[in-house]
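J.: with the sequence up front, the predicted model follows.
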Amino acid sequence: MLLIFGIRIRFRTVATVAFFCPRCGGDREGLRRTARRWFTLFWIPVIPLDQVGEVVECTTCRTRFEPAVAEAPTSAALSEILGNAVRVLTAMVVRTGDPTDPVLRAAAVAHVRSVDAGYDDATLAADAVAVDPALAEPYVVPLAEGIQVSGKERLLGDLVRIALAGGTVTPDQRRVIDLAGRGLDLTPAHVTGIVTSVVAARTTDPDTPTADPPGHG
């Protein structure tokens with residue numbers, strides 16, 4: 001009797017995850033699947049052998065990725081993180097400047113409203129009391145790999161513009177900006193370049209409006 005046997009790898013779905021698919025370029029549903037070798041007889045898997053790996057398979061494009069892809073924030077999560085960072089860092093800039101300056105406060109509220117339409121001066125006052133400027137770095141660390149360099153520059157540039165609404169960038173405000181830059185994985189020289197260029201632009205044109213907050217791409 002002729003026996004036909006061999007080894008075959010089979011995938012088994014163990015969970016469903018939401019992730020950012022690099023192939024599709026957007027948030028997708030993925031299948032977390034484990035790969036296991038099987039001993040086959042007449043092409044039929046009969047004996048499970050060792051597990052050889054795990055993948056995340058996009059249910060849209062069917063591309064398989066390493067499991068680490070599921071650890072990156074989705075676009076939705078990144079947008080929420082960015083919105084929180086804009087709000088917290090803006091409050092830090094106000095706190096480390098002159099929190100009573102109405103022009104500074106108005107610029108801060110206008111900026112945060114670009115990510116939270118209901119934001120107002122009373123909320124800013126509460127935020128400015130609650131935040132700790134020494135913790136600026138941790139708020140932006142999740143964004144370091146999630147947004148492009150241009151987005152990071154825009155985020156820091158907006159903080160400089162808000163500070164300048166109060167007349168100048170104070171040493172404490174500059175420290176907030178430096179910490180945020182470090183959290184975004186930008187070099188000190190890069191951060192200095194951003195600050196210098198924004199200050200120079202504002203000196204040339206004091207009516208330059210505050211830019212929109214950075215996005216995912």
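T.: Thanks, I have the structure now. These figures come from a predicted structure and were not determined experimentally. Numbering: from 1, shown residues only.

J.: let's verify Gly118: helix, strand, or coil?
T.: coil (DSSP: H, G, I helix; E, B strand; the rest coil).

J.: I misspoke; the intended subject was Arg28.
T.: strand.

J.: that one - how many residues pack around it?
T.: Neighbourhood size, Arg28 [other CB atoms under 10 Å]: 19. No exception for glycine: its C-beta is placed from N, CA and C like everyone else's.

J.: show me what contacts the spatially most central residue of the chain?
T.: With distances taken as CA atoms, centre = their mean, Leu143 lies nearest the centre of the chain, 2.8 Å away. By CB atoms under 8 Å, 6 or more residues apart in numbering, Leu143 lies in contact with Leu78, Ile81, Leu82, Ala85, Lys152, Leu155, Gly183, Leu184.

J.: then Val109?
T.: For Val109, the contact set (CB under 8 Å, 6+ apart) comprises Tyr119, Asp120, Asp121, Leu124.

J.: out of these, what pair is the most spread apart?
T.: Farthest pair in the contacts of Val109 (CB to CB) is Tyr119 and Asp121. Separation: 8.8 Å.

J.: so between these two, which is more surrounded?
T.: Per other CB under 10 Å, whichever of Tyr119 and Asp121 has more neighbours is Tyr119, with 20 against 12.

J.: which non-adjacent residue is nearest the more buried one?
T.: Spatially, and ignoring its direct neighbours in sequence, Tyr119 is nearest to Val112 (4.4 Å; CB to CB, 6 or more residues apart in numbering).

J.: and after the worst-scoring helix or strand of the chain on mean pLDDT, which helix or strand comes next?
T.: One helix or strand of the chain scores below all others by mean pLDDT, DSSP states H and E: strand 44-58, with a mean of 75. Where DSSP states H and E defines the elements, the next helix or strand beyond strand 44-58 is strand 64-65.

J.: can you list contacts of that following strand?
T.: With CB under 8 Å, 6+ apart as the test, strand 64-65 has contacts from Cys21, Pro22, Gly30, Arg33, Val55, Val56, Glu57, Cys58.

J.: pLDDT on the longest helix belonging to the chain, on average?
T.: When the chain is parsed with DSSP state H, its longest helix is helix 75-95. Averaged across helix 75-95, the pLDDT comes to 93.

J.: domain ranges for this structure, per the record?
T.: What automatic domain parsing lists as the domains of the chain is 5-71, 75-204.

J.: report the distance from the longest one to the chain centre.
T.: Same thing as domain 75-204. Remark: domain 75-204 is offset 15 Å from the chain centroid, using CA atoms, centre = their mean, to the nearest Å.

J.: quick one, strands of the protein?
T.: 5-21, 26-41, 44-58, 64-65 (DSSP state E).

J.: so which of these comes closest to Val169?
T.: Ranking the strands of the chain by their distance to Val169 (criterion: CB to CB) puts strand 5-21 first, at 34.7 Å.
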